[in-house]
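Undergrad: Sequence below, structure please.
(2 chains)
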Amino acid sequence: RKEVEQDPGPFNVPEGATVAFNCTYSNSASQSFFWYRQDCRKEPKLLMSVYSSGNEDGRFTAQLNRASQYISLLIRDSKLSDSATYLCVVNGDQTGANNLFFGTGTRLTVIP
Amino acid sequence: EPEVTQTPSHQVTQMGQEVILRCVPISNHLYFYWYRQILGQKVEFLVSFYNNEISEKSEIFDDQFSVERPDGSNFTLKIRSTKLEDSAMYFCARSSATGPSYEQYFGPGTRLTVT
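TA: All right, here's what the predicted structure looks like:
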């Protein structure tokens, strides 16, 4: 069973483009959702938490659809520095669980 | 918020040996986690540790693994009798509180190579 599924990509987009990543999760009991970014051979870095009402942080917008168990990340006006792997992350399947389940990630390359 | 530091950054060991990976909190965090990432694969949860006790562990975290906070500061992951398939990046993470809504911040990782 894959707890979190993502399109692995790669996505190759020009600078300034808008790109969207999607993710689905299997456990309807999951309560918390996050997007992390990971550069090659580096640690995952928290990009943003995802709330039911949707949330925006600068050029980044995250959406959650609990009914469809679907999470999205939209990046506007892509920069070269946005090139990374974007990880969809969901908390564990027990009430109060602290463990995180990671997707395999979607690779983004922003081209000059 | 500051993350944690990890030592060593790279550890090479022979199959069957024991290794100890260390996680050093920058401030007095109470909640710690270990994850691993085999090259080319997803990040996988190993164990969470709160108030000097294991609070959750995954199926991966079997008798080969143990965690402790021996001096009240460093948080260690011990892997006994290492196998080739233990080669991976091992990440320590911390959170400011426990519970699913609290964000976890990762250290830079230790690359373990078992030969």
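Undergrad: Just give the closest residue to residue A:13, not the sequence neighbours.
TA: In space, not counting the residues next to it along the chain, residue A:13 is nearest to residue A:19; the distance is 5.0 Å by C-beta to C-beta, 6 or more residues apart in numbering or on different chains. (Glycine included, C-beta is placed from N, CA and C.)
Undergrad: How much space separates the one you found from residue A:36?
TA: Computed as C-beta to C-beta, to the nearest Å, the residue A:19 to residue A:36 distance reads 17 Å.
Undergrad: Kindly report the same for residue B:43.
TA: If you measure residue B:43 against residue A:36 using C-beta to C-beta, the figure is 9 Å.
Undergrad: Same check on residue B:56?
TA: Residue B:56 sits 19 Å away from residue A:36, taking C-beta to C-beta as the criterion.
Undergrad: Kindly report the same for residue A:90.
TA: Taking C-beta to C-beta as the measure, residue A:90 and residue A:36 are separated by 11 Å.
Undergrad: And residue A:13, by the same measure?
TA: Separation of residue A:13 from residue A:36 (C-beta to C-beta): 20 Å.
Undergrad: Which residue of those two possesses the greater neighbour count?
TA: Using other C-beta atoms under 10 Å in any protein chain shown as the criterion, residue A:13 and residue A:36 rank with residue A:36 on top: 24 against 17.
Undergrad: Then that one would be within a strand, right?
TA: Yes - with DSSP: H, G, I helix; E, B strand; the rest coil as the criterion, residue A:36 is located in a strand.
Undergrad: which residues of chain A fall in strands?
TA: Listed from the start of the chain, chain A has strands (DSSP state E) covering A:4-6, A:11-14, A:19-25, A:33-38, A:44-50, A:55-57, A:60-65, A:70-75, A:84-91, A:100-102, A:106-111.
Undergrad: tell me which strands and helices the fifth one is in contact with?
TA: I take that to be strand A:44-50. Here strand A:44-50 is seen to pack against strand A:33-38, strand A:55-57, strand A:60-65, strand A:84-91, strand B:105-106 when contacts are counted using 3 or more C-beta pairs under 8 Å, 6 or more residues apart in numbering or on different chains; DSSP states H and E.
Undergrad: can you do 6 Å?
TA: Packing contacts for strand A:44-50, counted by 3 or more C-beta pairs under 6 Å, 6 or more residues apart in numbering or on different chains; DSSP states H and E, involve strand A:33-38, strand A:60-65.
Undergrad: how about TSV for those strands, with mean pLDDT and distance to residue A:2 added?
TA: Formatted as TSV, the helices and strands packed on strand A:44-50 follow (pLDDT from 0 to 100; distance: least, C-beta to C-beta, whole Å):
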stretch	mean pLDDT	distance to residue A:2
strand A:33-38	96	16
strand A:60-65	96	18
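Undergrad: Alright, calling it a day.
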